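In: Give the three-dimensional model of this entry:
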Amino acid sequence: CGLGGTSAAMLRIVLGSIAASNVLLAPLRGARLARPRAFHAAAVAMASGSSLPKDEEGWMTVLSEDQFRVLRQKATEPPGFSERAPGQLEHDLKENRGTKYPQEGVYTCVGCGTPLYYARTKFASGCGWPAFYDGIPGAITEVPDADGSRTEIVCSSCGGHLGHVFKKEGFPTPTDERHCVNGICLRYDPAGEQPEDVQEVPALLRPREIPK
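Out: The predicted structure is shown next:
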């Protein structure tokens, strides 16, 4: 995801080089990534805590080609892709829920089904990728990049690459952190359990969508 380092304006995010990751170039040339394929039976088993694929060939049977590139090869979807492309997280949230910021449910890992983020932690950061102010306790592992410039976030259960986390950018959220996540890594589960004490973000960070 994009680099950190905001100015005083909360929603102005500096989108620097993402050379540390491969980039999904097809959408930038006008093409469109494939829609996520349906989970195989193996993925359903993984979500219930059973075995994960033991190698990358195994992951190829669970993930679509584009999901594989992001979760297993650390590629990065282009900014705005999740909202623009049919079949992707934020596009379908708007189509089915009328907003990118539903207040109930959870977001799960597309690779293993593990709940990663509570719905009320999602907010509008202006960076072009889904953003959350915190992960579900124990669900996210932080891994500093080799050059120390950024901190990668991965699913603690399957090790799938999610994006990067940036801290102390000045957002008025409970943590002032921005988990910048590739939307292709997540699924929204409206029935997922969310504790009542999970704090919502200020209204200006979860804007209402314009009616169709």
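In: Which residue lies nearest the spatial centre of this protein?
Out: Geometric centre of the chain, nearest residue: V181, 3.0 Å, by CA atoms, centre = their mean.
In: P207 contacts F123, doesn't it?
Out: No. With contacts defined as CB atoms under 8 Å, P207 does not count as touching F123, sitting 9.8 Å away. The C-beta positions use only the backbone N, C-alpha and C, and glycine is treated the same way.
In: Provide a complete list of residue ranges assigned to strands in this structure.
Out: Under the criterion DSSP state E, strands of the chain are mapped to 22-23, 75-76, 106-109, 115-118, 122-123, 131-132, 140-144, 151-155, 161-167, 177-181, 186-189.
In: Ranking these by mean neighbour count, which comes first?
Out: Ranked by average neighbour count under the criterion mean count of other CB atoms under 10 Å, those are headed by strand 131-132 at a mean of 29.
In: Select the helix or strand of the chain having the lowest average pLDDT value.
Out: Least confident helix or strand, the chain: helix 41-47 with a mean of 40, by mean pLDDT, DSSP states H and E.
In: ok so, going back, of the strands of the chain, which approaches V62 most closely?
Out: Comparing these against V62 with CB to CB, the closest turns out to be strand 106-109 (11.2 Å).
In: Contacts for that closest one next, please.
Out: By CB atoms under 8 Å, 6 or more residues apart in numbering, the residues outside strand 106-109 that reach it are 47, 89, 114-119, 122, 132, 136, 155, 157-158, 160, 162, 185-189, 192-194.
In: ok, it: who's next to it in the sheet?
Out: In the sheet, strand 106-109 lines up against strand 115-118 (antiparallel), strand 186-189 (antiparallel) (DSSP bridges).
In: wait, which of the ones you listed is closest to V198?
Out: strand 115-118 (4.7 Å).
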